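In: only the shape, not the letters, is given here:
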């Protein structure tokens, strides 16, 4: 992982390095990296995993199709160390093995024993040089796995040598479930860092005015910046040709938000269409238009809760 792929994240990289130093020194730590899609959470998590040595690294990524399958994420994370379960106390061993699909499922019905067993198994896996568990897309981790991992994280202490690093999209539900853990929130990049992202692989040096416009339009989102740069011509980037209005949206950004919009209620999608047509972000006008279309004006709140829009004061 090269540092130029993490432009503008020097402070965040410092936080991750201190997290890793603590784990390597034998402490137990947890850290939640929160941000909107495309903010660079996965990049930072991969960077930390690459630098965790000599600590062992276990990884898992939440998957929406598996979010209703109990212990799916735990199976992904702990499968490489499942053989160590034999060193656990009998009841915990049986519960963990059942949760991982290695024994009769009845033992996995005791959530406390599964969670206690996960804590013991992580400590066992950390006994030789420390352990860093990296769990990305936590918003899609099944509830049973989330419960067990958070149970363990709340009990990490000195001498454990276990670190839990979580990447997740922000949202009210995430804040409720992960609110007790230390967190690192990724905002948009500033103009100087956004310029570095726009310049990556570009055939032209981005003009200051272009950087300002694109940064404002994308909110400094690294994914959106990178995709926008790839859709602009060298003359547009250099300020020698006018920028398209609206700015083009890349497939990555469109895919992320398209999937999220598709899951919203019908009224909310209709209000978002009105917002897109209004184009200026006037919440009063958008709500009035939604009412005339027969949609509940309050439906826009669901879009804000999903992170699609941000509603300012009236």
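Out: Thanks, I have it. It should be emphasised that the depicted structure is a prediction, and the values quoted were computed from it without experimental measurement.
In: which SS state does residue 294 fall under?
Out: Residue 294 falls in the coil class when you classify it by DSSP: H, G, I helix; E, B strand; the rest coil.
In: so what does it have for phi and psi?
Out: Here is the backbone geometry of residue 294 (degrees, to the nearest 10): phi 90, psi 10.
In: tally up the residues packed near it, please.
Out: Here the number of neighbours of residue 294 (other CB atoms under 10 Å) works out to 8. Using the backbone N, CA and C atoms, a C-beta is placed for each residue, glycine as well.
In: quickly note the distance from it to residue 267.
Out: Distance check for residue 294 against residue 267: by CB to CB, to the nearest Å, it reads 9 Å.
In: and for residue 187?
Out: Computed as CB to CB, the residue 187 to residue 267 distance reads 30 Å.
In: tell me which of the two has more neighbours.
Out: Legend: neighbour count by other CB under 10 Å for residue 187 and residue 267, higher for residue 267 (18 against 12).
In: surely the more buried one is in contact with residue 300?
Out: No: counting by CB atoms under 8 Å, residue 267 stays clear of residue 300, with 9.2 Å between them.
In: where do the contact lists of these two overlap?
Out: Shared contacts of residue 267 and residue 300, defined by CB atoms under 8 Å, 6 or more residues apart in numbering, comprise residue 290.
In: residue 283 is in contact with residue 303, isn't it?
Out: No: Residue 283 is not in contact with residue 303 according to CB under 8 Å; the separation is 11.3 Å.
In: which of these two has more residues huddled nearby?
Out: A direct count of neighbours by other CB under 10 Å for residue 283 and residue 303 places residue 303 higher, at 21 against 17.
In: secondary structure element for that one?
Out: Assigned by DSSP states H and E, residue 303 belongs to helix 300-305.
In: quick one: mean pLDDT for that helix?
Out: The average pLDDT for helix 300-305 rounds to 70.
In: what helices or strands is the helix or strand containing residue 224 leaning on?
Out: Residue 224 is part of helix 222-231, with elements assigned from DSSP H and E. If you count contacts as 3 or more CB pairs under 8 Å, 6 or more residues apart in numbering; DSSP states H and E, helix 222-231 packs onto helix 191-199, helix 208-218, helix 251-262.
In: could I get these in JSON lines, plus columns for mean neighbour count?
Out: Formatted as JSON lines, those follow (neighbours: other CB atoms under 10 Å):
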{"stretch": "helix 191-199", "mean neighbour count": "20"}
{"stretch": "helix 208-218", "mean neighbour count": "18"}
{"stretch": "helix 251-262", "mean neighbour count": "14"}
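In: wait, which of these is closest to residue 81?
Out: For the helices and strands packed on helix 222-231, the distance to residue 81 is smallest for helix 251-262, at 32.3 Å, taking CB to CB.
In: which is the next helix or strand following that closest one?
Out: Later in the chain than helix 251-262, the nearest helix or strand by DSSP H and E is helix 266-278.
In: list the buried residues of that following helix.
Out: For helix 266-278, a neighbour-count test (16 or more other CB atoms under 10 Å) marks 267-272, 274-275 as buried.
In: quick one: list the elements packing against it.
Out: When contacts are defined as 3+ CB pairs under 8 Å, 6+ apart, helix 266-278 sits against helix 283-292, helix 300-305.
In: in the chain, where is pLDDT below threshold?
Out: Counting by pLDDT under 70, the chain shows low-confidence ranges at 1-5, 107, 201, 252-260, 278-281, 297, 304-314.
In: strands of that one, start to end?
Out: Using DSSP state E, the strands found in the chain span residues 29-35, 56-61, 131-136, 162-169, 183-186.
In: okay, those, which one's buried deepest?
Out: Comparing those by mean neighbour count (mean count of other CB atoms under 10 Å), strand 162-169 ranks first with a mean of 26.
In: tell me how far residue 84 lies from residue 161.
Out: Separation of residue 84 from residue 161 (CB to CB): 14 Å.
In: more neighbours: those two, which one.
Out: For the pair residue 84 and residue 161, the greater number of neighbours falls to residue 161 (26 against 18), based on other CB under 10 Å.
In: who are the neighbours in contact with residue 39?
Out: Counting by CB under 8 Å, 6+ apart, residue 39 touches 186-188, 221-223.
In: in the residues you listed, find the pair that's most separated.
Out: Using CB to CB, the two most remote members of the contacts of residue 39 are 187 and 223, lying 13.9 Å apart.
In: ok, back up a step: in the helix holding residue 224, which residues are buried?
Out: Buried residues in helix 222-231, counted by 16+ other CB under 10 Å: 222-229.
In: same list (these) but as JSON lines, adding distance to residue 9.
Out: Shown next, in JSON lines, are those (distance: CB to CB, whole Å):
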{"residue": "222", "distance to residue 9": "9"}
{"residue": "223", "distance to residue 9": "13"}
{"residue": "224", "distance to residue 9": "16"}
{"residue": "225", "distance to residue 9": "13"}
{"residue": "226", "distance to residue 9": "14"}
{"residue": "227", "distance to residue 9": "18"}
{"residue": "228", "distance to residue 9": "19"}
{"residue": "229", "distance to residue 9": "18"}
